[in-house]
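A.B. asks: After the sequence you'll find the predicted model.
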Amino acid sequence: MPELEIVRPAGLLDYADGLALQRDLHADVVAGRSPGALVLCEHPSVYTAGRRTEPSDLPTNGAPVVDVDRGGRITWHGPGQLVAYPIVRLAVPFDVVAWVRDLEQVIIDAAATVGVEARRIDGRSGAWTSGSAPTTTAVPTPGSAPTTGTPPAKVGAIGLHVAEGVTTHGIAINCDNALDAYAAIVPCGIADAGVTTLSAAAGRPVTVVDLADVVVDRIRAAEHGMRTGQRIGSAAQSTTTAPITTADTTSPSTAPARQETLV
């Protein structure tokens, strides 16, 4: 099967333009005009709210929020954060949970290349470190994750939408972005954990440029593994992870072609 088309807009990609780009690419994949695409970008500073966002998650500073059709709750995008949107057709039978686990593995593998150990946390999606300063202030929930005296800190987030068997939205990895924007919200609706960057966790600068090619390679590997049955996130399948709820089903696999995935 042909490799994913890589789309890397120059400069900061306006979030509304990014949504329009995803819609166009999604239509091409659905229609069979494209084998799939991967958008790599940075956005100007923006808050986006998934379908499960609660009023208590919203910015305390009155900043505007863009409502989007992905799963999950509120998050922030901005300069210094690598955003990757894989627009891919899921293999049949549809297994949205497995694709989420694959994308988590992309983040974990990318972090490892810059010397950062990231991991999954039971009951939560994304990739986490043990907690590195600076982070947002948080108090860990007993039993939610192993601790080393500091709260767990999220370094990579996932939010997806699936329609007609094709995904949009994707992952965001904090590289060397500022963290002050997170202080005005409850990131991903999780109040008892922090947010950090790869730069903070590594103790040295880690830029979007440093990570971009690695993320391309790992997402290509994830897409190939999905089609060949050799999924890169397969080691995580037996672990307890965040529940995935869809608009049409709560089954972890064989999901219908048209659905929304809430992560």
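C.D. replies: Now that the structure is in, tell me what you want to look at. Numbering: from 1, shown residues only.

A.B. asks: which neighbours does the host helix or strand of Val39 have in its sheet, and in what orientation?
C.D. replies: Val39 belongs to strand 37-41 when elements are defined using DSSP states H and E. Strand pairing for strand 37-41, determined by DSSP bridges: strand 5-7 (parallel), strand 81-87 (antiparallel).

A.B. asks: Now do the shortest one: distance to the chain's middle.
C.D. replies: On the basis of CA atoms, centre = their mean, to the nearest Å, strand 5-7 sits 18 Å off its chain's mean C-alpha point.

A.B. asks: Ok, the longest one next?
C.D. replies: Shown here is strand 81-87, whose average C-alpha point lies 8 Å from the average C-alpha point of the whole chain (CA atoms, centre = their mean).

A.B. asks: mind starting the numbering at 53 from now?
C.D. replies: Sure thing, new numbering starts at 53, so read that last one as strand 133-139.

A.B. asks: neighbouring contacts of it?
C.D. replies: Outside strand 133-139, the residues that touch it by CB atoms under 8 Å, 6 or more residues apart in numbering are 56, 70, 74, 77-78, 81, 86, 88-95, 129, 155, 158, 218-227, 229, 260, 263-264, 267, 271, 274-275. C-beta coordinates here come from the backbone N, C-alpha and C atoms, glycine included.

A.B. asks: for it, what is the average pLDDT?
C.D. replies: Strand 133-139 shows a mean pLDDT of 98.

A.B. asks: ok, now the first one?
C.D. replies: Confidence for strand 57-59, expressed as mean pLDDT, is 97.

A.B. asks: following that strand, which helix or strand comes up?
C.D. replies: helix 67-83.

A.B. asks: Buried ones in that next one, by neighbour count?
C.D. replies: Neighbour counts over helix 67-83 (16 or more other CB atoms under 10 Å) mark Tyr67, Gly70, Leu71, Leu73, Gln74, Leu77, His78, Asp80, Val81, Val82 as buried.

A.B. asks: again with stretch 152-166
C.D. replies: 152-163, 165-166.

A.B. asks: elements contacting the strand ranked longest in the chain?
C.D. replies: The longest strand of the chain (DSSP state E) is strand 205-215. Under the contact definition 3 or more CB pairs under 8 Å, 6 or more residues apart in numbering; DSSP states H and E, strand 205-215 sits against helix 148-165, strand 176-181, strand 218-226, strand 246-247, helix 250-254, strand 313-314.

A.B. asks: CA atoms only for the second one, dumped as CSV, please.
C.D. replies: Backbone C-alpha positions of strand 176-181 (Å, rounded to 0.1, in the frame of the first residue of the first chain) are rendered in CSV as follows:
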residue,chain,number,x,y,z
ARG,A,176,-6.1,7.6,31.3
SER,A,177,-5.2,8.2,27.7
GLY,A,178,-2.0,9.8,26.4
ALA,A,179,1.6,9.6,27.5
TRP,A,180,2.9,10.6,30.9
THR,A,181,6.2,11.2,32.8
